[in-house]
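Colleague: Sequence and predicted structure are below.
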Amino acid sequence: MECIFCKIATKKIASKIVFEDDEYIAFNDIKPQAPVHVIIIPKKHIDSLNYIEKEDNALIGGLLNIAKKIAYDQGVSETGYRTVINCNKDAGQEVFHIHLHLIGGRKMSWPPG
Ligand code: AMP
Ligand code: ZN
């Protein structure tokens with residue numbers, strides 16, 4: 001069975017898409033934590049960071065390149081932004097299809113809560 005992000009990738013669930021190509025799709029987070037909050041996923045289903053393989057290196061690296069492009073497009077390149085991959089319970093991972101959060105448009109604190 002397809003997970004919720006696979007369903008977004010195959011358009012069975014609607015989302016506000018901000019970028020798409022053959023390998024990736026990026027869409028606005030349904031519960032944004034900042035003025036810019038985009039979820040970037042590979043269309044290939046990988047449960048979490050725990051399951052990436054060496055053969056996925058280019059695919060996973062590509063998430064950052066897309067984040068860079070969307071950050072520019074949405075005007076936060078200069079003001080700043082954060083990229084996050086949550087893995088498992090302590091990090092609060094809710095959706096088990098690997099994804100990169102791109103968050104920006106407001107000042108953020110460190111360390112994260
Ligand atoms: P994580 O906690 O890292 O697994 O993040 C999952 C993120 O996906 C959360 O920020 C949710 O708000 C977001 N999310 C869940 N369902 C949807 C959806 N249908 N469309 C857009 N974002 C979603
Ligand atoms: Zn999936």
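Modeller: That came in fine, so what should we check first? Values in this document were obtained by computation on a predicted structure and should not be read as measured data. Ligands and ions are numbered 1, 2, ... in the order given.
Colleague: Next, the buried residues of the lengthiest helix in the chain.
Modeller: As assigned by DSSP state H, the longest helix anywhere in the chain is helix 57-73. Going by neighbour count (16 or more other CB atoms under 10 Å), the buried part of helix 57-73 is Leu59, Ile60, Gly62, Leu63, Ile66, Ala67, Lys69, Ile70, Ala71. The C-beta positions use only the backbone N, C-alpha and C, and glycine is treated the same way.
Colleague: so who does the fifth one touch?
Modeller: When you say that, I think you mean Ile66. By CB atoms under 8 Å, 6 or more residues apart in numbering, the contact set of Ile66 is Phe19, Tyr24, Ala26, Ile40.
Colleague: how far away is the first one from ligand 2?
Modeller: In other words, Phe19. Plainly put, Phe19 is 18 Å away from ligand 2 if you go by CB to the ion, to the nearest Å.
Colleague: what do you get for the last one?
Modeller: In this structure, Ile40 and ligand 2 are separated by 14 Å, where distance is defined by CB to the ion.
Colleague: Wasn't that residue part of a strand?
Modeller: Yes - the assignment for Ile40 by DSSP: H, G, I helix; E, B strand; the rest coil puts it in a strand.
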